[in-house]
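K.L.:
I need the structure of the sequence given here:
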Amino acid sequence: MRVLVSGGAGFIGSNLCLALQRRGHEVTALDNLSPQIHGSDSPLFASIKDQVRFIHGDVRVREDWLRALEGQQVVVHLAAETGTGQSMYEIERYVDVNVRGTAVLLDILANKRHAGVERLVVASSRSIYGEGKYHCDRCGVVYPQARTSADMERGDFQVKCPVCGADAAVQATDEASKIHPSSVYGITKHNQEQMVLAVGQSLGIPAVAFRYQNVYGPGQSLSNPYTGILSIFSTRIRNGNEIVIFEDGKESRDFVYIDDVVRATVAGVERSHIEQEVFNVGSGVCTDVTTVARTLLSAYGADVPLRVSGNFRLGDIRHNFADLTRVQDRLGFVPQVDFDSGIRAFARWVQGQRVAGDDYQRSIDELKSKGLYR
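P.N.:
Next comes the predicted model:
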């Protein structure tokens, strides 16, 4: 098939482009080569520029979409701004890129006789769930609201039952769970997902949304201080700087390796019987941030200080991990790379890269200036 990948020079996008090309598809990548995320001199762009058709363009520009869409059968829409914390103060930019950029695509499809597109795939995010699914001993399954700054300033980082106020225990979050994002980024990703599915339905174009967990692996940006805890910690370590862990270090995430994410997404492109569905894509395993930091220190053989600060960012969730039942049943997706193996592969790759500058403190200072870091 002829497949267009927006954000095709990014971390997920470049790996997906190459995988699709290897499977015999004719691939076009549309990307603005954002300096914050990768840039024109990145290895990701170098990996695709001579392998697939590349269009340097912006998803907010109608003419760029029109040029890229010509002759395409499938659109995989990955292009987005991705920093959760940054989204809370660069609100206009996140809405402009993520929401309006998607709207331009869908407006073209609605008014250009679908532009020949037969299938849509969009990257959603686990962030749309907010805190996700929990269990309270008194109240059963609950969907907690965002934690309060008053609790966290007292050092109480636990998620509370929204009914009785008791501490609640995290559960695997399934696709039927309540949607209540706690960041502007999460809101925009949910908006993308809703628009693609709704417009696809109205136009008779099969559409699939993937709610990715925390994607990591060789090739991810080491210079973006706004997103990617593994990259941020790795850059700190390689610059000899201490690792600062927020809250009490017990907050956790579901880390899913890039190869697994690509396999799931390829299945979404190729399985023609899948229509207007959403899928979690993750490892299905919770890993706390302190474990992440110590695993990285061991992988690099490094000895830099590790400090649990007790500070926190407003809008951060405590825990989230994916229930993979639906994606296993419908797409046959089972993650193949466990966290320890993935981290070793990631660390080997990092050690072969030049040491990136450490802009972490600048990102924290920005959050502090906006009142989002305590």
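
K.L.:
Please make it C-alpha for all contacts and neighbour counts, starting now.
P.N.:
OK.

K.L.:
What ranges does the stretch 101-250 of the chain have for its strands?
P.N.:
Ranges of strands in the stretch 101-250 of the chain, per DSSP state E, counting those that start in this stretch, are 119-125, 134-136, 140-142, 169-170, 207-212, 214-216, 243-245.

K.L.:
okay if I get those as JSON lines plus mean neighbour count, mean pLDDT and distance to Gly268?
P.N.:
Listed next are these as JSON lines, based on neighbours: other Cα atoms under 10 Å; pLDDT from 0 to 100; distance: least, Cα to Cα, whole Å:
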{"stretch": "strand 119-125", "mean neighbour count": "25", "mean pLDDT": "97", "distance to Gly268": "7"}
{"stretch": "strand 134-136", "mean neighbour count": "20", "mean pLDDT": "98", "distance to Gly268": "29"}
{"stretch": "strand 140-142", "mean neighbour count": "16", "mean pLDDT": "98", "distance to Gly268": "30"}
{"stretch": "strand 169-170", "mean neighbour count": "19", "mean pLDDT": "97", "distance to Gly268": "28"}
{"stretch": "strand 207-212", "mean neighbour count": "25", "mean pLDDT": "98", "distance to Gly268": "7"}
{"stretch": "strand 214-216", "mean neighbour count": "23", "mean pLDDT": "95", "distance to Gly268": "17"}
{"stretch": "strand 243-245", "mean neighbour count": "20", "mean pLDDT": "93", "distance to Gly268": "36"}
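
K.L.:
closest one to Asp259 among these?
P.N.:
Closest to Asp259 of the strands of the stretch 101-250 of the chain is strand 214-216 (Cα to Cα; 9.2 Å).

K.L.:
Now do the closest one: distance to the chain's middle.
P.N.:
Here the centre of strand 214-216 is set off from its chain's centre by 7 Å, with Cα atoms, centre = their mean, to the nearest Å.

K.L.:
again with stretch 314-329
P.N.:
With Cα atoms, centre = their mean, you get 12 Å for stretch 314-329.

K.L.:
Show me which residues of that stretch are buried.
P.N.:
314-328 (16 or more other Cα atoms under 10 Å).

K.L.:
Looking at pLDDT only, which of those residues scores worst?
P.N.:
Taking the buried residues of stretch 314-329 together, the minimum pLDDT is found at Gly315 (78).

K.L.:
That residue touches Ala146, doesn't it?
P.N.:
Yes: taking contacts as Cα atoms under 8 Å, Gly315 lies within contact range of Ala146: 7.2 Å.

K.L.:
shared neighbours, those two?
P.N.:
Ser182 (Cα atoms under 8 Å, 6 or more residues apart in numbering).

K.L.:
Now distance to Arg23 too, for the strands of the stretch 101-250 of the chain, in a markdown table please.
P.N.:
Formatted as a markdown table, these follow (distance: least, Cα to Cα, whole Å):
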| stretch | distance to Arg23 |
| --- | --- |
| strand 119-125 | 17 |
| strand 134-136 | 40 |
| strand 140-142 | 42 |
| strand 169-170 | 39 |
| strand 207-212 | 20 |
| strand 214-216 | 22 |
| strand 243-245 | 41 |
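
K.L.:
Of all the ones you listed, which one is nearest Phe157?
P.N.:
The closest of the strands of the stretch 101-250 of the chain to Phe157 is strand 169-170. By Cα to Cα, the value is 12.5 Å.

K.L.:
Who are the packing partners of that closest one?
P.N.:
strand 134-136 (3 or more Cα pairs under 8 Å, 6 or more residues apart in numbering; DSSP states H and E).

K.L.:
Tell me the strands beside the strand it packs on, with direction?
P.N.:
The strands beside strand 134-136 in its sheet (DSSP bridges) come out as strand 140-142 (antiparallel), strand 169-170 (antiparallel).

K.L.:
Give me the contact list for that strand.
P.N.:
Contacts of strand 134-136 (Cα under 8 Å, 6+ apart): Val141, Val142, Tyr143, Pro144, Cys161, Ala166, Asp167, Ala168, Ala169, Val170, Gln171.

K.L.:
Generate JSON lines for the residues you listed, with distance to Ser309 as supplementary columns.
P.N.:
Formatted as JSON lines, the contacts of strand 134-136 follow (distance: Cα to Cα, whole Å):
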{"residue": "Val141", "distance to Ser309": "31"}
{"residue": "Val142", "distance to Ser309": "29"}
{"residue": "Tyr143", "distance to Ser309": "27"}
{"residue": "Pro144", "distance to Ser309": "25"}
{"residue": "Cys161", "distance to Ser309": "25"}
{"residue": "Ala166", "distance to Ser309": "25"}
{"residue": "Asp167", "distance to Ser309": "22"}
{"residue": "Ala168", "distance to Ser309": "23"}
{"residue": "Ala169", "distance to Ser309": "23"}
{"residue": "Val170", "distance to Ser309": "23"}
{"residue": "Gln171", "distance to Ser309": "26"}
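
K.L.:
and which of these is nearest Ser202?
P.N.:
Tyr143 (30.7 Å).

K.L.:
list the contacts for the residue located most distally from the centre of the chain?
P.N.:
The centre of the chain is farthest from one residue, Arg138, which by Cα atoms, centre = their mean lies 33.4 Å away. Arg138 makes contacts with Cys164, as judged by Cα under 8 Å, 6+ apart.
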